[in-house]
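> Have a look at this prediction, sequence included:
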Amino acid sequence: MQSALLEAMQERQVTLGEQTYKLPDPFLVLATQNPIEQEGTYNLPEAQVDRFMLKLNVGYPTKAEERQILDLMGISNPDLSVNPVVRPEDIIAARSVVNTIYVDDRVKDYIVDVVWATREPAKYRLNLDGMIRYGGSPRATINLTLAAKARAFLQGRGYVTPQDVKSVGADVLRHRVIVSYEAEAEEVNSEKIIEKIFAGLPVP
């Protein structure tokens with residue numbers, strides 16, 4: 001199962017037996033993890049988790065959302081038809097626009113500093129000694145930039161601001177910053193570390 005996931009993300013194809021199928025463009029790889037039931041499941045290795053652009057925490061729905069879920073699904077044969085909200089060609093066109101979003105050199109340096117601070121926090125005068133086992137990889141730098149550009153696009157801007165970087169920072173980094181056993185003992189998770197990094201680094 002993990003090898004199939006890796007093949008889709010790296011080779012943009014899936015293999016069943018002796019037959020290989022190219023994946024369409026665009027495609028999305030989505031993995032879920034239930035924080036309650038872990039028996040019989042295994043965490044992905046860090047190198048595979050690093051291939052995911054984002055890690056989102058999905059909590060309970062709001063009361064209004066849950067009421068809507070009840071109205072839609074509270075029968076034995078719910079209508080499962082799906083109405084598309086965007087066409088694949090629209091996504092490809094939007095992706096091309098995102099690639100043109102401007103990133104100033106000072107913002108690029110800020111992004112690099114954020115990722116390097118996950119590796120060598122002492123050089124940035126961050127009091128995180130012994131808290132981080134592994135910091136973000138170069139994929140973190142690339143994906144932090146792409147996610148910030150996408151947020152600028154969604155905000156209707158043609159340029160990235162430091163706030164764009166901060167807004168997507170936790171989603172890009174929370175699965176890439178691996179905390180130490182000492183941090184776990186003190187109940188310090190990757191999100192707390194990321195908060196300290198963004199709070200401690202000067203903003204351009």
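Looks like it arrived, so ask away.

> Below-threshold pLDDT in the protein: ranges please.
By pLDDT under 70, the low-scoring segments of the chain are 1-2, 35-41.

> hmm, what's the outermost residue in the chain?
No residue in the chain sits farther from the centre than Ser76, which is 35.1 Å out by CA atoms, centre = their mean.

> which SS class is that one?
Secondary structure for Ser76, judged by DSSP: H, G, I helix; E, B strand; the rest coil, is coil.

> Just the element for the nearest residue to Tyr21 once chain neighbours are set aside, please.
With CB to CB, 6 or more residues apart in numbering as the criterion, Tyr21 has its nearest non-adjacent residue at 5.4 Å, and that residue is Val14. C-beta coordinates here come from the backbone N, C-alpha and C atoms, glycine included. Using DSSP states H and E, Val14 maps to strand 13-16.

> chain center to that strand, what's the gap?
On the basis of CA atoms, centre = their mean, to the nearest Å, strand 13-16 is displaced by 24 Å from the centre of the chain it belongs to.

> From the contact counts, what lies against the helix or strand just after it?
Following strand 13-16 in sequence order, the next helix or strand is strand 19-22 (DSSP H and E). On a contact count with 3 or more CB pairs under 8 Å, 6 or more residues apart in numbering; DSSP states H and E, strand 19-22 meets strand 13-16.

> Can you give the strand pairings for the strand it packs on, parallel or anti for each?
Paired neighbours of strand 13-16 in the sheet (DSSP bridges): strand 19-22 (antiparallel).

> Next, the buried residues of the helix or strand that comes right after the strand it pairs with.
Note on strand 19-22: by DSSP H and E, the next helix or strand toward the C-terminus is helix 46-49. By 16 or more other CB atoms under 10 Å, the buried positions in helix 46-49 come out as Gln48.

> what does stretch 123-139 give?
124, 126, 128, 131-132, 135-137, 139.

> how close does the residue nearest to Tyr21 get to Lys22?
9 Å (CB to CB, to the nearest Å).

> So those two - more neighbours on which side?
For Val14 versus Lys22, neighbours defined as other CB atoms under 10 Å are more numerous around Val14 (15 against 10).

> which residues sit in contact with the more buried one?
Shown in contact with Val14 (CB atoms under 8 Å, 6 or more residues apart in numbering): 4, 7-8, 20-21, 23.

> Tell me the buried residues in the lengthiest helix in the chain?
Selection of the longest helix in the chain by residue count, based on DSSP state H, yields helix 138-154. Applying a neighbour-count criterion of 16+ other CB under 10 Å, the buried positions in helix 138-154 are 139-141, 143-153.
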